[in-house]
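In: here is my input; please provide its structure:
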Amino acid sequence: MKLTLTRQILLGLVIGVFVGWLVGPAHAPLFRPFSVLFLRLVKMLIAPLIFSTLVAGIAGGGHVKAVGRMAAKAIVYFEIVTTLAIGIGLLMVNLTRPGAGVVLPPHDGHPQLAPPQTWQDFVTHIVPDSIVKAMAEGDVLQIVVFSMLFAFAVNLLGEKGKPVVAICESLAEVMFKLTNLVMLYAPVGVGCAMAYTVGHGGLGVLVNLGKLVGTLYLALLVLIVAVFVPVAFAFRIPIRKFIRIVKEPATIAFSTTSSEAALPRAMEVLEKFGVPRRIVALVLPLGYSFNLDGSSLYISLAAIFVAQAAGIHLGPGQQFGMLLMLMLATKGVAGVPRASLVVLSGALMQYGLPLEGITLILGVDELMDMARTATNLIGNCLATVVIARWEGEFEEATDEAIDAAVLAGEM
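Out: You can find the predicted model right below:
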């Protein structure tokens, strides 16, 4: 059996866990640079990849009107699924009550986190004051906005804009080829990331606060089975094929706890699956700001966990208000480090809950981050295929084409 890239990544993950346990905290920092190197290699692909694919897709095909229609459909879909995810998080944490009986740390031990974004901050943040700065910082939403505006301008030029389109089409092909080269290092990067995580925190990071972690994983499973699967059936998306094409980027997202690390590969495999490049280039990056299903579910669950640990009862009305607040607060923070903890701190402050609960959660946040990041990635890939089907432009790849790609190690 050929050792495909997906199997290599999974093997790297397992070896990383074993090596991390073997070397312990004393030598764990030795692996950190090699995992950071992988993340840097991937992040350097994001800005030119999004820019080139969006400009080539929108300006090259003259799809200016279609872009607005697709964006509107995507936003509606994002809001519905995100709301369902938050609701599932609230339901599961109220059923399992993982915070009951937990003792919070002392009051002087909570981390200093930046305040969450307000809606005013989000609106003004959409447009970059410098595209160079946005690309340097990897701000996906700002890059998307600039690329769309640039593509509209190129489209209005008509014949004069065709050379720009041709350059962007060539650049997109080069970036996909570069992505394949970078992915050859993925098994090493993933293995080193796991070695550092387990070596630094010990195997205890995999078992501490098990009830909270178990509740999150169960809730994410409910989200996938009760929301993602019915959506796939409703839009006639072949589930078996979808699983095959999404498993590699999902594994990367899970192992590295970085959606950005999986973005270039996800864009490539979705195109191979039959989604037009212009739809992939528009919907998938937008999902990073508007469709954080796993993170939204996690924040609602974690907030009620802290309330339970603090012995504070939040009634149905308050929890419904929290659902509405989180539905807005989780937008546009994908580029913020520890974005979920930033939004969580805002939710806790809003309802007078102790921030010390975040200190407790930090002990297992890495393990929970893996699951919610992978779920974010799966949800965004599904959304991209849904919009393509909704637009009537999804041309499903054949089993033979997917088999050939898998055997070639491309998926």
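In: please make it C-alpha for all contacts and neighbour counts, starting now.
Out: Noted.
In: let me see the ranges of the strands in the stretch 51-200 of the chain.
Out: Secondary structure of the stretch 51-200 of the chain (DSSP state E, counting those that start in this stretch): no strands located.
In: all helices for it, in order.
Out: 64-96, 119-125, 131-137, 140-157, 162-183, 186-201 (DSSP state H, counting those that start in this stretch).
In: between those helices, which one is closest to F228.
Out: helix 64-96 (8.7 Å; CA to CA).
In: so which elements touch the closest one?
Out: helix 210-223, helix 277-290, helix 293-309, helix 316-329, helix 365-390 (3 or more CA pairs under 8 Å, 6 or more residues apart in numbering; DSSP states H and E).
In: and the longest one, what's buried?
Out: Same thing as helix 365-390. 365-389 (16 or more other CA atoms under 10 Å).
In: could you say which one of the helices and strands packed on helix 64-96 comes nearest to L184?
Out: Across those, closest to L184 is helix 365-390 (CA to CA), at 20.2 Å.
In: chain center to that closest one: distance?
Out: 6 Å (CA atoms, centre = their mean, to the nearest Å).
In: now for it, which elements pack on it?
Out: Judged by 3+ CA pairs under 8 Å, 6+ apart, helix 365-390 is in contact with helix 64-96, helix 210-223, helix 239-256, helix 259-273, helix 277-290, helix 293-309.
In: can you list the weak-confidence ranges in the stretch 301-411 of the chain?
Out: 325, 327-343, 345-346, 349-350, 355-360, 362-364, 403-411 (pLDDT under 70).
In: what's the distance between A219 and A56?
Out: Remark: distance between A219 and A56 (CA to CA, to the nearest Å) = 39 Å.
In: and what of G210?
Out: Taking CA to CA, one finds G210 at 47 Å from A56.
In: these two: who's more crowded?
Out: Taking neighbours as other CA atoms under 10 Å, G210 and A56 compare with A56 leading, 28 against 14.
In: pretty sure that one contacts S170?
Out: No. Contact criterion CA atoms under 8 Å: A56 and S170 do not qualify, at 9.1 Å.
In: what's the burial count for G16?
Out: For G16, using other CA under 10 Å, the count is 26.
In: contacting residues for it?
Out: With contact taken as CA atoms under 8 Å, 6 or more residues apart in numbering, G16 is in contact with V190, G191, C192, A193, M194, A195, Y196.
In: filter the residues you listed down to the buried ones, ChimeraX style.
Out: If you want just the buried ones from the contacts of G16 in ChimeraX, going by 16+ other CA under 10 Å, the selection is:
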select :190,191,192,193,194,195,196
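In: out of the contacts of G16, which is nearest to L301?
Out: Of all these, L301 sits closest to M194, with 25.2 Å by CA to CA.
In: leaving out chain neighbours, which residue sits closest to that closest one?
Out: In this structure, M194 finds its nearest non-sequential neighbour in G16, 4.9 Å apart by CA to CA, 6 or more residues apart in numbering.
In: now name the helix or strand holding that neighbour.
Out: helix 5-27 (DSSP states H and E).
In: tell me the angle that helix makes with helix 186-201.
Out: 30 degrees (axes from the mean of the first three to the mean of the last three CA atoms, to 10 degrees).
In: list the buried residues of helix 5-27.
Out: Buried, per 16+ other CA under 10 Å, within helix 5-27: 5-6, 8-21, 23-25.
In: so how many other residues sit close to A166?
Out: A166: 15 neighbours (other CA under 10 Å).
In: what do you get for G158?
Out: G158 has 12 nearby residues by other CA under 10 Å.
In: that one and V164, how far apart?
Out: 11 Å.
In: pull the contacting residues for M175.
Out: L45, P48, L49.
In: where's it relative to M44, distance?
Out: In terms of CA to CA, M175 sits 10 Å off from M44.
In: could you do L30 as well?
Out: 23 Å.
In: and what of L157?
Out: For L157 relative to M44 (CA to CA), the value is 30 Å.
In: so those two - more neighbours on which side?
Out: Set L157 next to M44 and count neighbours by other CA under 10 Å: M44 wins out with 15 against 12.
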